[in-house]
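Undergrad: structure for this input, please:
(one chain, ligands or ions: 1)
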Amino acid sequence: MYKADLARMSEKIHTFATFGDAGHGGITRYSLSPEAQQARAYFQKRMESIGATIETDDFACMYATIPGSDPDAKRIVMASHCDSVKNGGNYDGILGVIGAMEVLEAVVADGIPHKHPLTAMIWTNEEGSLYPPALLGSGAICNPYLPEAIGKNFKEEDMLASKSVLDKTTTFAEALEASGYKGARENRINPDQYKAMFEIHIEQGPILEEAGLDVGVVSCVLGMFNVRVRFYGQAAHAGTFPMAYRQDALYAASKALIYLHDEIDKLDRPELVYTTGEVSIHPCVHTVIPDYVDFSLDVRHEDPELLAEVLKIVNSLADQEWAKCRCEIAPQWNRDTVYFDKTLVGYVKEAAEELGCKHQYINSGAGHDAQFAAYMLPTTMIFASSEKGLSHCEPEHTSDETCTEAVSVMLNAVLKCDAE
Ligand SMILES: [Zn+2]
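TA: Residues are numbered from 1 along each chain as shown. Next comes the predicted model:
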């Protein structure tokens, strides 16, 4: 068994943490920002120092490739993202890039024989924090392979037209041009030149830590649906209008939300997760009874039948009035559970066993570039346990040792794939 090197891993983890260092333990590193440019430059410098060839595609995804013994063999790629959310942590995304770099560095340093070229890749704009949506780069590049219902949300021209949430004018296309990392369209990852993709990511939940484990062998990305629940009331003066006559859309939404939780919880499926994270209210004035409220509902589970059951409960909200307000359900989008390639999942499992690494099978509740790549190429993921399950925040942490162990698992899984 081959192993990733702890000292090399620590050096990379702590160096990348300086690019966008927000001063309190985490980073803000929006895609294509000056901080992300620093991360890309460091990636390029390290990869060139081991003799890798650097390419970029028209979405500024970066590819560092070392040759294998067979010049005609397809590449095996390891990839994740180097951008973060605002005040994010030092592991989400970048750990997958560091892991990919480490596999190449270990292969070169230890002279590990391999047939296929090996590529470390950075996907552009996974978080979509500055240029929404999340998964912008992989959504556009994998678009020809995605199911219509998903692909329509990631059309190339729409992605290029995405506007900065900060200045509301700069488009993603302009940011690409200005980045200095825009390359040729023909350099995009594709199934003709690439055999398989691996992605390491932090778990972003507490399951592995609670089980006393370091690594998750990821079998799927959970299916989900997303709706907006809308309530229509009547605006009136907060001081003059008697309570009995009101159609208060916020009160209606509150009642409906509690009803939703009660009914969904009756299904008694603890692994089902659902969230209302966004609320809008009109006119949002403290002296006016709200005449319009809507809230988001995001529901995730592996089983499509259970998701259908939950959707039925959600749709039933519109069959009645809530505090004399009309309710409407507006479907936004949904995706089926994406299962990773069974053979690759098997290699990851074998590698974890052979290394004596404490592991278990796990699902991904979060979306990742790998879920779109999976429609195009055999793809799989490896999770490193997250301390306290925290992510998308500055205290996000995984020890250097656990990160290194996850990379050792990927290194050996990649070599199994190489030896096929
Ligand atoms: Zn991520």
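Undergrad: so residue 108 versus residue 50, what's the distance?
TA: Distance, residue 108 to residue 50, using C-beta to C-beta, to the nearest Å: 4 Å. Using the backbone N, CA and C atoms, a C-beta is placed for each residue, glycine as well.
Undergrad: oh, I was asking about residue 307
TA: 45 Å.
Undergrad: the two: which is more packed in?
TA: Counted by other C-beta atoms under 10 Å, residue 307 and residue 50 do not tie: residue 307 has more neighbours, with 21 against 15.
Undergrad: quick one: the strands in the stretch 201-350 of the chain?
TA: Remark: strands assigned in the stretch 201-350 of the chain by DSSP state E, counting those that start in this stretch are 215-221, 223-232, 273-275, 279-282, 292-301, 326-335, 338-339.
Undergrad: next: the stretch 51-200 of the chain.
TA: 53-56, 62-66, 75-81, 118-123, 194-202.
Undergrad: export the ones you listed to a markdown table and tack on distance to residue 157?
TA: Shown next, in a markdown table, are those (distance: least, C-beta to C-beta, whole Å):
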| stretch | distance to residue 157 |
| --- | --- |
| strand 53-56 | 20 |
| strand 62-66 | 23 |
| strand 75-81 | 22 |
| strand 118-123 | 19 |
| strand 194-202 | 25 |
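Undergrad: still on that earlier bit, between the strands of the stretch 201-350 of the chain, which gets nearest to the ion?
TA: Among those, the nearest to the ion by C-beta to the ion is strand 215-221 (11.9 Å).
Undergrad: partners of that closest one, with directions?
TA: Partners of strand 215-221 in the sheet, by DSSP bridges, are strand 338-339 (antiparallel), strand 359-364 (parallel), strand 379-384 (antiparallel).
Undergrad: and for that strand, what are the contacting residues?
TA: Applying C-beta atoms under 8 Å, 6 or more residues apart in numbering, the set of residues contacting strand 215-221 from outside is 203, 207-208, 302, 337-340, 345, 348-349, 352, 357-364, 366-368, 370-371, 374, 380-385, 402, 405-406, 409.
Undergrad: one more time with 7 Å
TA: Applying C-beta atoms under 7 Å, 6 or more residues apart in numbering, the contact partners of strand 215-221 are 203, 208, 302, 337-340, 345, 348-349, 352, 357, 359-364, 367-368, 371, 380-384, 405-406, 409.
Undergrad: filter the residues you listed to the buried ones?
TA: 203, 208, 302, 337-338, 340, 345, 348-349, 352, 357, 359, 362-364, 367-368, 371, 380-384, 405-406, 409 (16 or more other C-beta atoms under 10 Å).
Undergrad: what's the mean pLDDT across stretch 81-91?
TA: Average pLDDT, stretch 81-91: 96.
Undergrad: can you give me the helices for the stretch 101-250 of the chain?
TA: 136-141, 148-151, 156-161, 172-179, 207-210, 249-266 (DSSP state H, counting those that start in this stretch).
Undergrad: quick one: pLDDT of residue 150?
TA: 90.
Undergrad: enumerate the residues of the chain near the ion.
TA: Contact residues, the chain versus the ion (C-beta under 5 Å from the ion): 92, 93.
Undergrad: could you redo the last one with a cut-off of 6 Å?
TA: 81, 92, 93, 126, 201 (C-beta under 6 Å from the ion).
Undergrad: next one: phi and psi at the second one?
TA: Spelled out, it's residue 92. Per-residue torsions, residue 92: phi -60, psi 120 (degrees, to the nearest 10).
Undergrad: which residue packs closest to it, ignoring adjacent ones?
TA: Distances taken as C-beta to C-beta, 6 or more residues apart in numbering put residue 391 closest to residue 92, at 5.3 Å, once the chain neighbours are dropped.
Undergrad: gap between that neighbour and residue 416?
TA: Residue 391 is 29 Å from residue 416, by C-beta to C-beta.
Undergrad: could you list the low-confidence segments of the stretch 201-350 of the chain?
TA: Along the stretch 201-350 of the chain, no part satisfies pLDDT under 70.
Undergrad: give me the residue from it nearest the ion.
TA: For the stretch 201-350 of the chain, C-beta to the ion, closest residue to the ion: residue 201, 5.7 Å.
Undergrad: before I go, just wanted to say thanks for your time.
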